[in-house]
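below are the sequence and a predicted model for it; my questions follow.
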Amino acid sequence: ACGSNNSAKKNSVNFRESAEIATMDQSKVTDVVGLTQLGNTEEGLYRIGKDNKIENALATDTKVSDGGKEYTFNIRKGAKWSNGETVTAKDFVFGWQRTVNPKTASQYAYLFSGIKNADKIAANKANYKTLGVKADGDNKLVVTLDRPVPYFKLLMGFPIFFPQNEKAVDKYGSSYGTTSAKTVYNGPFKQEGWKGSNLSWKLVKNPDFWNKSSVKTDTINYQVVKDAGTALNMYNSKKLDQNTLTGDQVKQYKNDKNFVKYLNSSTFYLEFNEKKDKYFKNQKIRQALSLAINRDQFTKKVLADGSEPATGLTSAGLAKDPKTGTDFAKEVNVPEASKYDLAQAKKLMAEGLKEEGMKSLNFQLMSDDTTGAKQSTEYIQSAWEKIPNVKVSLSNIPFKNRLANSQNGKFDAVITAWGADFSDPISFLQLFTTGNSLNNGKWKSAEFDQLIKDAGDKDANNPEKRWNDMLKAERILLKEQAISPLYQQAQSMLRNQNIKGIVYNSAGLNFDYSHMTVK
Amino acid sequence: MDESKKILEVKHLKQYFNVGKKDEVHAVDDVSFDIYEGETFGLVGESGSGKTTTGRGIIRLLDPTDGQVMFEGRDVASIKSKKDLMSFRREMQMIFQDPYASLNPRMKVKDIVAEGIDIHHLAKNDADRTKQVEDLLETVGLNKDHSSRYPNEFSGGQRQRIGIARALAVQPKFIIADEPISALDVSIQAQVVNLMKELQHERGLTYLFIAHDLSMVKYISDRIGVMHYGKLLEIGPAEEVYNHPLHKYTASLVSAVPEPDPEFERNRVQVPYDATAEFDGKPRTMVEIAPGHFVRATESEIAEYRNRAKDEGLDLV
Amino acid sequence: MFLIASVTFFLMKLMPGTPLNNQAKLTASQIHTIYQQYGLDKPLWQQYVTYIVNAVQGNFGTSFQFSNQAVSYLIGSRIGPSAIIGAQGMILGVILGICTGSLSAIRKNTWVDGTANIISILGLSIPSFVFAILLQYYFGLKLQLFPVAGWGGFASTILPTIALAASPFATTSRFVRTEMVDVMGSDYIELARAKGLSRFGIVFHHALRNSLIPLVTVIGPLAVGIMTGSMVVENIFSIPGIGEQFVKSILVNDYPTIMGVTLLYSGLLCLVLLITDIVYGIIDPRIRLSGKGE
Amino acid sequence: MDAEKNILEVQDLTINFHTYAGTVQAIRNVNFHLKKGETLAIVGESGSGKTVTTKTIMGLLANNAEVAKGTVKFHGKDILEMSEKELQAIRGRDIAEIFQDPMTSLDPTMRIGRQIAEPLMVHKGFSKSKAEKQALEMLKLVGITNAEERVNDYPHQFSGGMRQRIVIAIALVCYPEILIADEPTTALDVTIQAQILDLMKELQEKISTSIIFITHDLGVVASMADRVAVMYAGKIVEYGTVDEIFYNPQHPYTWGLLNSMPTLDTAKGQLEPIPGTPPDLLEPPVGDAFAARNPYAMKIDEEQEPPFFKVSDTHYAATWLLHPDAPAVEPPAEVVRRQKIYQERLSAGTINQGHIHSKGNTAFAGADDDDAIGE
Amino acid sequence: MDEKIKLPEDAFQPVGKDDKLDDEKIAAPSRTFLQDAWHRLKENKAAFISMWILIIIALFAFTSPITAPNPNSANPDYANLPPKIPGVNINGFNGTSIQGGQRVDQYKANNVPESKHFILGTDYLGRSLGQRILHGTMISLLIGLFATLIDLLIGVGYGIISAWKGGVVDLVMQRIIEIMQSIPNIVIMVLLLLVIKGGILPIILAIAINEWTTMARLTRAQTLQLKSQEYVLAAQTLGESSGKIAMKHLLPNLSSVIIIQTMFTIPAAIFFEAFLSYIGIGIQAPIASLGTLINDGQRNFQFLPFQMWYPAIVLAIIMIAFNILADGLRDAFDPRTSRH
Ligand SMILES: Nc1ncnc2c1ncn2[C@@H]1O[C@H](COP(=O)(O)OP(=O)(O)OP(=O)(O)O)[C@@H](O)[C@H]1O
Ligand SMILES: Nc1ncnc2c1ncn2[C@@H]1O[C@H](COP(=O)(O)OP(=O)(O)OP(=O)(O)O)[C@@H](O)[C@H]1O
Ligand SMILES: [Mg+2]
Ligand SMILES: [Mg+2]
């Protein structure tokens, strides 16, 4: 199917995915591939345009009232499902209720937190029908929140919050979204040829889409190619129009005219297990280790996939100061947290060890077993071992094992990453509150906790104050070197130059092809 | 012969293989015979008739399915203690058929010969061990230069003599020789046979001599037992069994032996044998027809055998 | 099979990992409900019994990776391509192997033998992923003779088939050679020569048949080789097959799928071994008749 | 020699094998002939070159063999010079062979009917059905009961004796002129052996084939042979009619053989073995190869190979003892006994043979033996 | 027909019986079975050369801690440099490679000092590929050797016991092997490695577990044969204990089978490790094995082919050499082939 007739139609393209679609069920989706598919085949209240611009999609206008705790959306008339039904406000209510229903076991249900009763439902303390969402007729949707959620509109661009067609879901039951045929669409494209686990399928222009005139591409052929070398070969033999590159490949192609790079809003950082290893409680030791890493060299020479050195926890380009428009990451500005200074590192380490009464440091660095992760650990190991008396062993294990070990505190130091679900710094910062299950290093700061709390309630409706709370919090985090930021991941690809108009967002739905044109 | 002591009594020995499976084999079925001290008892029969199995049952390489083997008045199966077993292992020895398979190719001749000496700690020291080995080699007509060589350097007859030396090393009383010459060339066979006879003479050995070459068995044995399909059909003095066979099978067997004599061969008539009678399921026992001459027979067949014995000019019991 | 199922089940349970993809962001009760969905909340023995009972009915549970996708369905939808390239690879490898093997046995100690030997040793010596990558690079990309990767149409099966065939080819060729050399030295070949048969007649009527019968016994190992190879080859050529699925499942700890595929592989292997036994009995008259005679 | 035509003549045959260890001189200057309808037995101990001789006749020598010298003439045509194609045409049709081990010489995967039919299909161009019909006849001839039912059985369904009959059937199915039987009964029990030997004799009469019968069992020789050749260490040391060899042997090796076997009426007492072991053919000794084991050896035996001395027109022996200058020796008792029988028979006229040369005028062997001395 | 040749006077003197019948003397020098096999091996040129190649490779590999002390010292500034041998100006060995369609001197481009060169190039962290290959070869050989050693211990012991005890014991032990074999080993290994993820030891164990059944079966078959050999029976009739028989009679005679199988198992283990590396559950970084090196190399095969070729060639040579040597040993140990 794919690639065999790429020249037949002018406006068809061949794309690669590096993994299969796990599901097309909005309530169940967790994987990037599935999310991208849903983002391009379904339509929600908004589409998030370039630079996180919120554009109306099914919502024609929105009213916010009650101190940011009630949203009323007017729903577009005449939008259709691919099974012929009309898209109504009830579809939103159905879809949302279905997602929060504990029986559905949606892994993204937590994103509903903040909507009235969502937390209670999750804790099985309230019926899912009590969720704060109501349809007022076919064309009006009212959402009530427990507390103001400053980034609520951004969430609406995320496929989890898209409507679902009750009829279709009922009809297919638990097999809804397990194949192309068992899914209904209301978005720019319809999916064809996905049979559940196969490696190729396609998206075709949806003739029933309300905004079909804006869709300029007829067909997107997909092929799953897991092996990066194979994918590159396919791209080079013109079987693919776009291909994501690995670090080594980037080195070769970074000057290619077809080379494009996107910075993800995910940050890789080091966590030190302060609970298991007392010496990591020593700030000097943490700082020494951080200072020993030359992030510039690391990203340019080792990863070399376009990733950028991270200067803080929150990734660059995620959010802008509501007043000045400065990027959050830039505004934080704690250079010593990501500086390279080996001499200083040696000094601090010597002091730190002395304070701890230790002669040498001997610990294990854990990370995933992907190529990139292995290269990272190898590099960091060699960097750290430049400090006298530091001995590091490596453990590269599968992602899930790494996660489990992190959460159970079975590690010394770990390279971990966090990707924002929505474009707000809080998505990163809340991780390091005391008691958060993802605060694997068990770093503690009362001041930090307080600031985060304020940003969530006291200052929720005051964007500037909230912004400052978050800035302060991250500065504390970095100054104490609670974590050691490493790099912000980039996605580099080769893309045929005649493809234009792809919208990229670093958080949430990454790629939106609804405006894509092919020459 | 009656005066001499019975060294071995085999009583209703049975050896079945794969019992209970569809390929059950009655390799040895109700075999009884005695061997007297100092004699050579020959066991003949065609291939697969159970001769080897009988021999191995006697020396406890196999555990009999049923029956008894009495060696010097003791039930071999009842030997339990390690010490008794070891002394039994010294008294009864075996010489094997295949001169190529019976010597470990990775051991030097001296170690092969000394194996029994080592196991039973018969040597006081290394020098004694060496001396014993050299004596043994000399006994079997080899010289001491051979002791540091490997078996593959020897011819079949020499190897067989090494095997004999190994058996002699523990000074046994009773030796089971399982076709010790059938793999050897005619001209060499006599070397081994002569050696065995000499040794019997010098050391007062008793032999159970297994073979399918009737003329050689007759030549070396005092008494012969004839086996067929796991059963012992006839026992008697060598001359008598050979020249005056009572059982039809024996007669057929004897008539088939080719003689190195063209004139004889031109006149030879082979007596055919029909084995179906053996499978009629009638109970048979060994019956003494002439003195020391037994035939496996049913009650009703006894008379017939007596008649034949009379025709052959044998004294009846 | 039962044993295998049990062993894999408990091995799996030793490993960390869950159906959750972003466990990190969930609350305890949410996790609990999800566990409930997969039946992971029950005591181990209960899970075990359920698993075995279901497995007997052909239900291997639900994939962690593909939500709501039954493992049995996954396997079913993936087995086709694997079977096709597996069978093609096996057939190609075995046939080529028989040819070179017998050729080199007949021309023993000549340059033909030497060359065939080196080729088959090479077949054993080059890791399949290296071989596959070379094939892809030179025949797919440089020469553009065949599709670089992907699935669809016979052309796309050619390179993977060749890559898969390497190991059975090498094994078969070496096996057949040894057997054939053995057979050629046997008495009945001597008798066939004494009958005045031509070289060709001897090889075809006597030697080949006798040396091929034992080949049946290596089909089991060959099948294992194909399975192993398919994991690599399917991955490199992006073929929607079981092997590719298995590797993926390993990397994402999708236990129900790992277990399902393991059982499938074991089952297949058992089946192959069983068929081998039966076929051996059919084509070797010695076994066929002695079995019947009893 | 004789007026009768020799269908096979082997002359000066010398064969070496090249091995890692060196060159094995397996056959050294062997001469013999075969007449129509007769049975020539070759006896000799293991390794004396019997099998190699037959393989040469079949043109089936191992590929490390080198024919250093000699001819093997079949109807006057040298087999050693024939192409593989010509050889294939002769094998199985004109010259057939029976092998020693019936358990391994049949193809385990082919029905026996087909195996017997094969030579017919190859040599006579018979169709499969016709060939198999004839094969069935042959099967009956060799005494397989229920032949009709059994032609479609496989070898493993037969006992050793039956299999040897089948092998014989294969060999005889084309009515060959020469049948070579290389120890056809060594692997069999005496009773079966007797049957097979009888069968062969019977068939020989029916088909009137000549047989070269290889064995190391003198009893079998006595039963089968018309003429006997005794081989030792790659040479023929004595040949003559069966009566001459058994009743009037001349070579000490033949003496030793006869002496070391118990016969039905050997009295108890010592057998006389031939001492020692055969020589290593990698480096055959100079002089008489048997000298080292020969109690009657003389100095010359260690220096020069003996030529053939003629005993009668049909009887020659290669031993210096027959040299007119050699001292008279007393052969072993067993041989003396046999010679006595010989004398009796001779006078009774029950032995027919050529003119006897008394020891006094023994000449060096005839024309075909003139290479015998001084080599 | 008179005598043509005068024979000397004393020609017909009988030779004294005693001095000439000393026939039991053996002239040939004494040679053991192993010496014989060694001799035959030497005649087999391919096998003999293979053996030397292996010895040389092993020498290089095992001295690598001295000759190539820094396989893991990373210098990202020198990453992915192509091979450069000073004085050689052949593309592929002069430090140049094609980048973006042009041949670029990577050493210049990366400001590598004139004096510095990597004969086999560098990897993604700027580590010397040559050093890493030496080191990796050592690790691979170690894995092969130790896996085989464990395999030997389990397999040979198991095989001997199973065959020697016979009866029910044998039956049960054989069933176990059959079960082991009807599970695709690769799957078991993968599962095992998932559970005990990490270092060299688990991999060695996993490979040994994968391979021992073959060894056990071979040993068993051979032991069954030996068990009925008459020299073993002879030892039994002499009263030798089972343990001693195993040591004195079985093991020495099993040795050829074991040695041959070992020669096959070592490369198989090395090969398997490479496969595991590809699947992504191989040995832990930064330790290199040939498998991980090839796997790292294959990712960039399109533009840095040397990174795959060199370790792959070393692996292939090792594999081929082992296989040819094993074949040669099999022939050498097989008395049937003692003559051509
Ligand atoms: N271990 C065994 N298992 C099964 N059957 C056996 C076993 N040993 C011997 N037999 C069978 O028992 C029968 C008698 O065998 P045995 O070896 O005692 O005969 P034999 O008279 O010594 O024959 P041969 O003259 O060939 O040595 C044969 O049918 C043989 O196949
Ligand atoms: N292919 C060969 N390569 C080397 N030597 C060989 C070969 N074939 C036979 N020989 C040697 O030639 C000599 C004669 O062997 P041959 O097989 O003819 O003996 P034989 O008289 O048939 O003995 P047997 O009675 O054991 O069958 C022996 O020393 C043997 O080792
Ligand atoms: Mg026996
Ligand atoms: Mg022979």
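Structure's in. What do you need? Ligands and ions are numbered 1, 2, ... in the order given.

which parts of the stretch 301-450 of chain A are helices?
A:328-332, A:342-356, A:371-384, A:399-407, A:426-429, A:446-456 (DSSP state H, counting those that start in this stretch).

how about the longest helix along chain C: buried residues?
Ranked by residue count, the top helix of chain C under DSSP state H comes out as helix C:71-106. Buried residues in helix C:71-106, counting neighbours by 16 or more other CB atoms under 10 Å in any protein chain shown, are found at C:71-75, C:77-79, C:81-82, C:84-86, C:88-90, C:92-94, C:96-98, C:100-106. From N, CA and C alone the C-beta is placed, and that goes for glycine too.

what's the closest of the helices of the stretch 301-450 of chain A to chain C?
Among those, helix A:399-407 comes nearest to chain C, with 3.7 Å by CB to the nearest CB.

give me the mean pLDDT for that closest one.
For helix A:399-407, the mean per-residue pLDDT is 76.

quick check: angle from it to helix A:371-384?
Interaxial angle of helix A:399-407 relative to helix A:371-384 (axes from the mean of the first three to the mean of the last three CA atoms, to 10 degrees): 40 degrees.

give me the distance from helix A:399-407 to the chain's centre.
18 Å (CA atoms, centre = their mean, to the nearest Å).

packing partners for it?
strand A:361-368, strand A:413-419, helix C:242-252 (3 or more CB pairs under 8 Å, 6 or more residues apart in numbering or on different chains; DSSP states H and E).

per-residue confidence at residue 239?
In the absence of a named chain, chain A is used. Residue A:239 is given a pLDDT of 86.

my question was about chain E
88.

cool, the one 4 residues further on as well?
Taken from the predicted model, the pLDDT recorded for residue E:243 is 88.

next one: the one 10 residues further on
We have a pLDDT of 86 for residue E:253.

over to the one 4 residues further on?
Predicted confidence (pLDDT) at residue E:257: the value is 83.

what does residue A:292 give?
pLDDT, residue A:292: 93.

also residue D:364?
So residue D:364 comes in at 41 (pLDDT).

same deal with the one 10 residues further on?
The confidence metric pLDDT takes the value 33 at residue D:374.

rank the helices of the stretch 301-450 of chain A by pLDDT, which is bottom?
helix A:399-407 (a mean of 76).

then whatever helix or strand residue A:16 lives in to CSV, C-alphas only?
If you go by DSSP states H and E, residue A:16 is part of strand A:12-17. Output of strand A:12-17 as CSV, limited to C-alpha atoms (Å, rounded to 0.1, in the frame of the first residue of the first chain):
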residue,chain,number,x,y,z
SER,A,12,-0.2,12.7,-1.3
VAL,A,13,2.7,12.2,1.1
ASN,A,14,4.5,9.3,2.7
PHE,A,15,5.2,9.6,6.4
ARG,A,16,7.0,7.4,8.8
GLU,A,17,6.2,6.5,12.3
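
follow-up on the earlier one: okay, the helices of the stretch 301-450 of chain A in CSV with distance to residue D:107 and mean neighbour count next?
Shown next, in CSV, are the helices of the stretch 301-450 of chain A (distance: least, CB to CB, whole Å; neighbours: other CB atoms under 10 Å in any protein chain shown):
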stretch, distance to residue D:107, mean neighbour count
helix A:328-332, 83, 21
helix A:342-356, 80, 17
helix A:371-384, 57, 22
helix A:399-407, 59, 20
helix A:426-429, 79, 23
helix A:446-456, 87, 18
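
now these in TSV, please, with extra columns for distance to residue D:161.
Output for the helices of the stretch 301-450 of chain A, formatted as TSV (distance: least, CB to CB, whole Å):
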stretch	distance to residue D:161
helix A:328-332	97
helix A:342-356	92
helix A:371-384	72
helix A:399-407	70
helix A:426-429	92
helix A:446-456	99
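
quick one: closest of these to ligand 2.
helix A:371-384 (59.2 Å; CB to the nearest ligand atom).

check whether the closest one comes near chain E.
Yes. Shown here: helix A:371-384 in contact with chain E (CB under 8 Å from any CB of the partner chain) through A:371, A:374-375, A:377-379, A:381-382.

mind checking how far that helix is from the chain centre?
For helix A:371-384, the distance to the chain centre is 23 Å (CA atoms, centre = their mean).

next, the angle from it to strand A:413-419.
140 degrees.

who are the packing partners of helix A:371-384?
helix A:247-253, strand A:361-368, strand A:390-397, strand A:413-419.

convert it to CSV, retaining C-alpha atoms only.
In CSV, the C-alpha atoms belonging to helix A:371-384 read as follows (Å, rounded to 0.1, in the frame of the first residue of the first chain):
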residue,chain,number,x,y,z
THR,A,371,20.7,4.2,22.0
GLY,A,372,20.5,7.8,23.1
ALA,A,373,20.2,7.0,26.7
LYS,A,374,23.2,4.6,26.5
GLN,A,375,25.3,7.3,24.8
SER,A,376,24.2,9.8,27.5
THR,A,377,25.2,7.5,30.4
GLU,A,378,28.5,6.6,28.8
TYR,A,379,29.3,10.3,28.3
ILE,A,380,28.2,11.4,31.8
GLN,A,381,30.1,8.5,33.3
SER,A,382,33.3,9.6,31.6
ALA,A,383,32.7,13.2,32.5
TRP,A,384,32.1,12.4,36.2
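
point out the most buried one among the helices and strands packed on helix A:399-407.
Ranked by mean neighbour count, the helices and strands packed on helix A:399-407 are led by helix C:242-252 with a mean of 25 (mean count of other CB atoms under 10 Å in any protein chain shown).

and that helix, how far out from the chain's middle?
On CA atoms, centre = their mean, the centre of helix C:242-252 falls 15 Å from the chain's centre.

again with stretch C:260-270
10 Å.

and it, anywhere near chain A?
No. Stretch C:260-270 is not in contact with chain A by CB under 8 Å from any CB; minimum separation 12.0 Å.

report the buried residues of that stretch.
Here stretch C:260-270 shows C:260-266, C:268-270 as buried, counting by 16+ other CB under 10 Å.

got the residues you listed as JSON lines, with distance to chain E columns?
Below are the buried residues of stretch C:260-270 laid out as JSON lines (distance: CB to the nearest CB, whole Å):
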{"residue": "C:260", "distance to chain E": "11"}
{"residue": "C:261", "distance to chain E": "8"}
{"residue": "C:262", "distance to chain E": "5"}
{"residue": "C:263", "distance to chain E": "9"}
{"residue": "C:264", "distance to chain E": "10"}
{"residue": "C:265", "distance to chain E": "4"}
{"residue": "C:266", "distance to chain E": "5"}
{"residue": "C:268", "distance to chain E": "8"}
{"residue": "C:269", "distance to chain E": "5"}
{"residue": "C:270", "distance to chain E": "5"}
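
cool, thanks, talk later.
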